[in-house]
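> sequence-free structure coming up:
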């Protein structure tokens with residue numbers, strides 16, 4: 001945390017020393033520790049959300065190679081995925097089965113520009129962000145290439161629905177994927193990736209408990 005004179009908390013730092021300013025300062029001297037710690041946690045969430053929104057809004061205003069160096073790493077990676085989702089869906093809506101093919105060409109050139117940027121000497125934090133962005137870009141390009149090969153022409157095609165899709169909705173970021181119920185094979189279910197992972201862990205824990213009971 002960044003603490004000014006009079007112990008006012010104004011910002012936070014990541015373990016890599018990346019700084020995000022709080023949208024509102026916190027004075028820990030006005031309340032007890034169990035309350036102001038909770039206030040800090042809420043302010044961290046609000047401030048990251050604010051930085052993410054700024055990154056999303058700035059995406060189209062300048063070249064991507066400039067944009068990705070001007071925002072916090074987490075916001076660059078998430079903002080890029082939000083725009084990728086929007087661009088894929090826009091191309092499918094506008095061009096049908098030709099949409100993924102057209103967008104694949106765009107993503108190939110975009111990846112080349114990103115790789116060129118990494119070949120330059122960058123500050124440590126930007127280098128870490130760009131390396132992670134390239135991994136995401138390669139995966140995004142491969143997904144669209146597969147969709148082009150399969151002639152995906154609808155947004156409810158399972159080849160698209162099964163992907164992690166990032167959206168900015170109701171002033172917040174949502175990650176969606178579709179699960180198919182065996183009893184209702186045509187019904188998509190939107191859940192967050194975090195919840196999906198949590199459910200997987202719970203299932204694994206249940207299996208372990210069953211094995212332990214059997215061995216006893």
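Looks like it arrived, so ask away. Because the structure is a prediction, the values reported are computed rather than measured.
> use CA for all of it now, contacts and neighbours both
Fine.
> strands of the protein, start to end?
Secondary structure of the chain by DSSP state E: the strands cover 2-3, 9-13, 19-26, 165-169, 172-180, 188-191.
> show me what contacts the residue lying closest to residue 113 once chain neighbours are set aside?
Nearest residue to residue 113 in three dimensions, chain neighbours excluded: residue 65, at 7.1 Å (CA to CA, 6 or more residues apart in numbering). The contact partners of residue 65, taken as CA atoms under 8 Å, 6 or more residues apart in numbering, are 113, 114, 117.
> from residue 98, how far off is the second one?
I take that to be residue 114. Residue 114 sits 25 Å away from residue 98, going by CA to CA, to the nearest Å.
> give me the most central residue, this structure.
Nearest to the mean C-alpha position of the chain, counting by CA atoms, centre = their mean, stands residue 78 at 3.0 Å.
> next up, the contacts around that one.
Residue 78 sits next to 52, 166 when contact means CA under 8 Å, 6+ apart.
> which pLDDT value does the model give it?
Note for residue 78: predicted pLDDT of 95.
> phi, psi for residue 72 please.
phi -60, psi 150 (degrees, to the nearest 10).
> test my guess that it contacts residue 18.
Yes: at 7.3 Å, residue 72 and residue 18 qualify as touching, with contact defined as CA atoms under 8 Å.
> more neighbours: which of the two?
A count of neighbours by other CA atoms under 10 Å puts residue 72 above the other of residue 72 and residue 18, at 19 against 12.
> re the thing from before, state the distance from the residue nearest to residue 113 to residue 129.
To residue 129, residue 65 is 12 Å away according to CA to CA.
> what's the answer for residue 111, then?
14 Å.
> contacting residues around the nearest residue in space to residue 102 that is not next to it in sequence?
Counting by CA to CA, 6+ apart, the nearest residue to residue 102 once its immediate chain neighbours are dropped is residue 91, at 7.7 Å. Contact analysis of residue 91 by CA under 8 Å, 6+ apart lists 99, 100, 102, 103.
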